[in-house]
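1. Quick check, what structure comes out for this input:
(chains A and B)
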Protein chains: 2
Amino acid sequence: MSANIERIKEETLTELGIKAFCRLGLPENDAKDVVQVLVMADLFGLSTHGMSRLESYGDRLKIGGINPKANIQVERVAAAMVKVDGDNGVGPLVGMHALRAAMEVAAQCGIGIALARGSNHFGPISPYLLLAAEKGFASMIGSNATTTIAPWGGTDARLGNSPLGFGVPNPGGNPFLLDMAMSVVARAKIRDAFKQGREIPNTWGTDAKGFPTTDPKAALDGFLMPVGGHKGYGLALMVDLFAGLLSNAAYLTHIKSWQDAPSEPQNLGHFFVLLDTNRLGSTQWLSERMNDFAKILLDSPAADPKQSVIVPGMIELQKMQEQRKQGILLSADTLQLLHQMTQ
Amino acid sequence: MSANIERIKEETLTELGIKAFCRLGLPENDAKDVVQVLVMADLFGLSTHGMSRLESYGDRLKIGGINPKANIQVERVAAAMVKVDGDNGVGPLVGMHALRAAMEVAAQCGIGIALARGSNHFGPISPYLLLAAEKGFASMIGSNATTTIAPWGGTDARLGNSPLGFGVPNPGGNPFLLDMAMSVVARAKIRDAFKQGREIPNTWGTDAKGFPTTDPKAALDGFLMPVGGHKGYGLALMVDLFAGLLSNAAYLTHIKSWQDAPSEPQNLGHFFVLLDTNRLGSTQWLSERMNDFAKILLDSPAADPKQSVIVPGMIELQKMQEQRKQGILLSADTLQLLHQMTQ
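-> Sure, this is the predicted structure:
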């Protein structure tokens, strides 16, 4: 284990996190919601979207960029549709309120949607997918994001790397969970290549003029390329339309950057579509089909004998199981910040 | 205009199409549903998914692979959720029944879903997206498909190139419509390269052992590569889970190939999720936001001055407008088949 990484028990991390967010002004129940999402992210191994966010969330809470005492409003506009006003609260808090509201109407109507506005970065999508799956809901969840991608054929950042997720429960085994952003690679991967003086494939990013480049420096000055070219571009737009435009949140360039304008509300939007699988068949019916579905895929002979076939969510769920036993890997910096803030 | 392509009026193509499907045994109203979807596909310029399908649909109808007298059943299992049994009817017929059923429950509950089983190839997704948008519904629609893609890390075709579509209406302008399959390119593009003796980029397909190849022949013997690698693979699986597994249709390798087993029911599945945008705001509110959204994207200075920025659905909607005036481009083969069948 590197000196910069430490292991910490899930319970300890949860306690420290709740204390830290309470110190930042959140009521305890709200802090619990936020920390549940961030700790699940760390359990999944998604450390860039886990408790490390305490730093940026905390900075913005301190200067009033995020509202620590958010009064979240849920308005039911139709039997199966709710609008959630996040009141500029911490993103995962708004996300948890929207998730619960969507589950409530979906349990009544078979399917339900929550459209949230007035939110902020809500963590990764996987935790929401798993929480929904554990209660028998299949889900489609998305959020918009700060602009990092140019329109197809365009030359400046006008849309975000908006993530989209899908989850399907398996009462007798692992659910399928897919949580994907729309860029070919994360910006951090281009930054690594630059530091190491390596060229990058010309499919990762464009220069500032919108042309594909193998020069990592030029790509850092330019834009991320969407997965599948115009397909990923189209998907990112559609996520923004549902998460931002239809929810009455900000969208595209109307979204304030949390880095450039940390003291201003971002007004991010999310959507949560949930399906109650109990309306479709018994848990036995669903388990049998889900286990058969996974088996068909995993039975495909591996191209590389050292690496088995992968199904969505498998890596994250294995990591969760392992870290629940052995402790969660956390950067020493994040742990130090947690200790400082909770002394 | 090539000798192999002719122009035909929308009304004429529609009349001929209805007559042809009636001759194949469909009741007139059912033929109208099928032809509406196929003619819209041709109007959009998606000719591979338009009236050219009369040939493969017709072959299967004649040998009992598709049921010409389908008795489609719609069962409402919850206030906002319906299950549709397509009774092995022609795909676009099942699709139109599912679309209408989903619109009905969505109008009542704000959001609604139809899950269809017992279906066949239902044409492209764009026509359904547009029909929904014209009535004020935003939509998420998907279908599963015959296996052409290997699992991530696997070496045989176990999942389909399942298409996924999203639509958002604009009461004061063009809707946004995205209809995408999950492969980097269509198989036809690899076939073209092979005929012309050209190498292909190593991102299009794998050889029969699952390794990326630049040899088009090897790729034709192998599998299509999904967009964005594991991301497109994950998306294709998720579409199959919602469209096939949850709908109680076939999925993955359980789907019969319409080419290898044309006389057997495929039992394809689809899902139609519709949102009634009228519950979210006025048509003026929606128009203003949609027009602003498009403007932000289109105002991005173009990388190539000869090619403007593109937004999803723009090309198809322009093509539709143009072909409604000038007639629809149709292959002479398809036109000949139409005339033969309706004499």
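
2. these two touch, right, A:Gln73 and A:Asp85?
-> Yes: shown here, A:Gln73 and A:Asp85 form a contact pair, counting by C-beta atoms under 8 Å, at 4.4 Å. (C-beta placed from N, C-alpha, C; glycine too.)

3. These two: who's more crowded?
-> Neighbours per residue, other C-beta atoms under 10 Å in any protein chain shown: of A:Gln73 and A:Asp85, the larger number sits with A:Asp85, 21 against 12.

4. Now the more buried one. Its backbone dihedrals?
-> Backbone torsions for A:Asp85, taken as degrees, to the nearest 10, come to phi -100, psi 110.

5. Quickly list what it is bridged to.
-> Listed by DSSP bridges, the beta-bridge partners for A:Asp85 are A:Gln73, A:Arg117.

6. Under the pLDDT cut-off, which ranges of the stretch 101-250 of chain A? List them.
-> Applying pLDDT under 70 to the stretch 101-250 of chain A picks out no residues at all.

7. Spell out the residue ranges of the strands in it.
-> For the stretch 101-250 of chain A, strands defined by DSSP state E, counting those that start in this stretch occupy the ranges A:111-119, A:137-143, A:147-149, A:159-160, A:164-168, A:176-180, A:205-206, A:223-224.

8. Now the residue nearest the centre of chain A. Nearest residue, chain neighbours left out?
-> Centrality entry for chain A: nearest residue to the mean C-alpha point is A:Pro124, 1.8 Å, by C-alpha atoms, centre = their mean. In space, and not counting its chain neighbours, A:Pro124 is closest to A:His49: 4.1 Å by C-beta to C-beta, 6 or more residues apart in numbering or on different chains.

9. my guess is the one you found meets A:Pro127, correct?
-> No: A:His49 lies out of contact with A:Pro127 (C-beta under 8 Å); the separation is 9.1 Å.

10. where do the contact lists of the two overlap?
-> A:Ala41 (C-beta atoms under 8 Å, 6 or more residues apart in numbering or on different chains).

11. Mind checking which of the two has more residues around it?
-> Ranked by neighbour count (other C-beta under 10 Å), A:His49 and A:Pro127 place A:Pro127 first, with 29 against 23.

12. what's the spacing between that one and A:Val185?
-> A:Pro127 sits 23 Å away from A:Val185, going by C-beta to C-beta, to the nearest Å.

13. A:Thr214 too?
-> Distance, A:Thr214 to A:Val185, by C-beta to C-beta: 13 Å.

14. of those two, who's got more company?
-> A:Val185 (20 against 15).

15. For the more buried one, which residues are in contact?
-> By C-beta under 8 Å, 6+ apart, the contact list for A:Val185 reads A:204, A:224.

16. How about residues contacting whichever helix or strand A:Lys83 is part of?
-> Element membership for A:Lys83 (DSSP states H and E) is strand A:81-85. With C-beta under 8 Å, 6+ apart as the test, strand A:81-85 has contacts from A:72-77, A:94, A:97-98, A:101-102, A:105, A:112-118, A:247-248, B:109-111, B:275-276, B:279-280.

17. I'd like the next helix or strand past the helix or strand hosting A:Val37.
-> For A:Val37, the host element (DSSP H and E) is helix A:28-43. As assigned by DSSP H and E, the chain's next helix or strand after helix A:28-43 is helix A:54-62.

18. Tell me which residues of that next one come out buried.
-> For helix A:54-62, a neighbour-count test (16 or more other C-beta atoms under 10 Å in any protein chain shown) marks A:54, A:56-58, A:60-61 as buried.

19. Can you pick out the most distant pair from these?
-> Maximum pairwise distance among the buried residues of helix A:54-62 (C-beta to C-beta): 11.1 Å, between A:Leu54 and A:Arg60.

20. ok, back up a step: any shared contact partners between A:Thr214 and A:Val185?
-> Counting by C-beta under 8 Å, 6+ apart, nothing touches both A:Thr214 and A:Val185.

21. roughly how far apart are the residue lying closest to A:Cys22 once chain neighbours are set aside and chain B?
-> Among residues not flanking A:Cys22 along the chain, A:Ala31 sits closest, at 5.0 Å (C-beta to C-beta, 6+ apart). In this view, A:Ala31 and chain B are 31 Å apart by C-beta to the nearest C-beta, to the nearest Å.

22. you'd agree A:Ala31 is up against A:Leu16?
-> No: counting by C-beta under 8 Å, A:Leu16 is not a contact partner of A:Ala31; they are 11.0 Å apart.

23. which ones are touching the residue lying closest to A:Asp87 once chain neighbours are set aside?
-> Residue nearest to A:Asp87 in three dimensions, not counting chain neighbours: A:Ala70, with 4.1 Å by C-beta to C-beta, 6+ apart. Going by C-beta under 8 Å, 6+ apart, A:Ala70 touches A:30, A:86-90, A:93-94.

24. Likewise for A:Ala106?
-> A:80, A:112, A:137, A:274-276.

25. can we see that at 7 Å?
-> Neighbour list for A:Ala106: A:112, A:137, A:274-276 [criterion: C-beta atoms under 7 Å, 6 or more residues apart in numbering or on different chains].

26. for A:Pro312, same thing?
-> By C-beta under 7 Å, 6+ apart, the residues touching A:Pro312 are A:176-178, B:234, B:237.

27. Check what pLDDT it gets.
-> The per-residue pLDDT reported for A:Pro312 equals 96.

28. which parts of stretch A:280-298 are buried?
-> For stretch A:280-298, using 16+ other C-beta under 10 Å, the buried residues are A:280-281, A:286-287, A:289-290, A:293-294, A:296-298.

29. in the stretch 101-250 of chain A, which spans are helices?
-> All helices of the stretch 101-250 of chain A, identified by DSSP state H, counting those that start in this stretch, fall at A:126-134, A:187-195, A:216-221, A:230-240.

30. What are the buried residues along the longest one?
-> Meaning helix A:230-240. Buried residues in helix A:230-240 (16+ other C-beta under 10 Å): A:231-240.

31. Can you give me the neighbour number for the closest residue to A:Asp42 other than its chain neighbours?
-> In space, and not counting its chain neighbours, A:Asp42 is closest to A:Gly50: 3.5 Å by C-beta to C-beta, 6+ apart. A count of neighbours around A:Gly50, defined by other C-beta under 10 Å, yields 27.

32. A:Gly50 contacts A:Ala41, correct?
-> Yes: the pair A:Gly50 / A:Ala41 is scored as a contact, 3.8 Å apart, by C-beta atoms under 7 Å.

33. Residues of the stretch 51-200 of chain A that sit close to chain B?
-> Contacts of the stretch 51-200 of chain A with chain B, taken as C-beta under 7 Å from any C-beta of the partner chain, map to A:77-81, A:108-113, A:138, A:140, A:150-156, A:158, A:166, A:168, A:176, A:178, A:180, A:184.
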